[in-house]
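Participant: Below are the sequence and a predicted model; questions follow.
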Amino acid sequence: MIRVLVVEDEPIAADAHVMYVGRVPGFTVAGRAGTAAEAMRTLGKAPVDLVLLDLNLPDMHGLDLVRAMRAAGHPADVIAVTSARDLDVVRAAVSQGIVQYLLKPFAFAALRDKLERYRQYREQLATADAVTGQQEVDGLLATLRGQDPAHLPKGMSPESLTAVAGLVRAASAGMSAAEVGERLQASRVTARRYLEHLAEQGAVVRHLRYRGAGRPEVEYRWVPVR
């Protein structure tokens, strides 16, 4: 059983993360903390294999917490769970040895995928004391990191998904599939596929737009990150 420490200062998000971890076979919640100080105290009391870490903590940046963990001799792996999209933060996370990076907002399926990949990675590590060659090393890293495009529905591209997400995120109000398609020079059907995928991932929410006496139109609004 992989023991997970959930570090998240937003109570609602922390509750969700705890619930999500509990739904994935092979994982158990070893504790939860709302601050870096609480996290360090928990790490000193109970064995932890993996830390699910929000980077924006009230008393210390998450990356500084990782440094403090290593300085204190805590070897637990770390998955960053954050709204930080700054490439400098991503680069720093990689340099600190954070094994995975999950952007808020996300749905249960996204976290489940990260955890299952991490479990597979640990299982592979446990089968041998040494690797036989470069191919095995590459295989281990591929299991851990995964390939995001492969998890998109058939016919969807990461580039188009990024474009749709960026358009809705920047909009001052909700956008319909027709409006997104027009802006991106794509069909309404294609735009709706990407918008619905974002809705399933929890990145956008659907609202009904009423204009006159006709049938209401569905619009999509970006979910603000707390």
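Facilitator: All right, it came through fine.
Participant: Show me how this structure divides into domains.
Facilitator: 2-146, 158-222 (automatic domain parsing).
Participant: Mind putting those domains into CSV with mean neighbour count and mean pLDDT?
Facilitator: For the C-beta atoms, the positions are set from N, CA and C on the backbone; glycine is no exception. Output for those, formatted as CSV (neighbours: other C-beta atoms under 10 Å; pLDDT from 0 to 100):
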stretch, mean neighbour count, mean pLDDT
domain 2-146, 16, 85
domain 158-222, 16, 88
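Participant: Can you verify residue 78 is assigned to a strand?
Facilitator: Yes: assessed with DSSP: H, G, I helix; E, B strand; the rest coil, residue 78 lies in a strand.
Participant: any idea how far residue 156 lies from residue 164?
Facilitator: Noted for residue 156: a distance of 10 Å to residue 164, by C-beta to C-beta, to the nearest Å.
Participant: anything in contact with each of those two?
Facilitator: residue 194 (C-beta atoms under 8 Å, 6 or more residues apart in numbering).
Participant: which ones are touching residue 211?
Facilitator: Listed by C-beta under 8 Å, 6+ apart, the contact set of residue 211 reads residue 217.
Participant: can you give me the helices for this protein?
Facilitator: Counting by DSSP state H, one finds helices in the chain at the ranges 11-22, 36-45, 62-71, 87-95, 108-126, 134-145, 158-170, 177-184, 188-200.
Participant: Which one of those lies nearest to residue 81?
Facilitator: Within those, the stretch nearest residue 81 is helix 11-22; the backing value is 6.9 Å (C-beta to C-beta).
Participant: List of residues touching that closest one?
Facilitator: Helix 11-22 has contacts (C-beta under 8 Å, 6+ apart) with 4, 6, 8, 27-29, 32, 34, 52, 54, 81, 104, 108, 111-112, 115, 226.
Participant: now the helices of the chain as TSV including distance to residue 208?
Facilitator: Output for the helices of the chain, formatted as TSV (distance: least, C-beta to C-beta, whole Å):
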stretch	distance to residue 208
helix 11-22	25
helix 36-45	42
helix 62-71	38
helix 87-95	36
helix 108-126	25
helix 134-145	39
helix 158-170	16
helix 177-184	13
helix 188-200	13
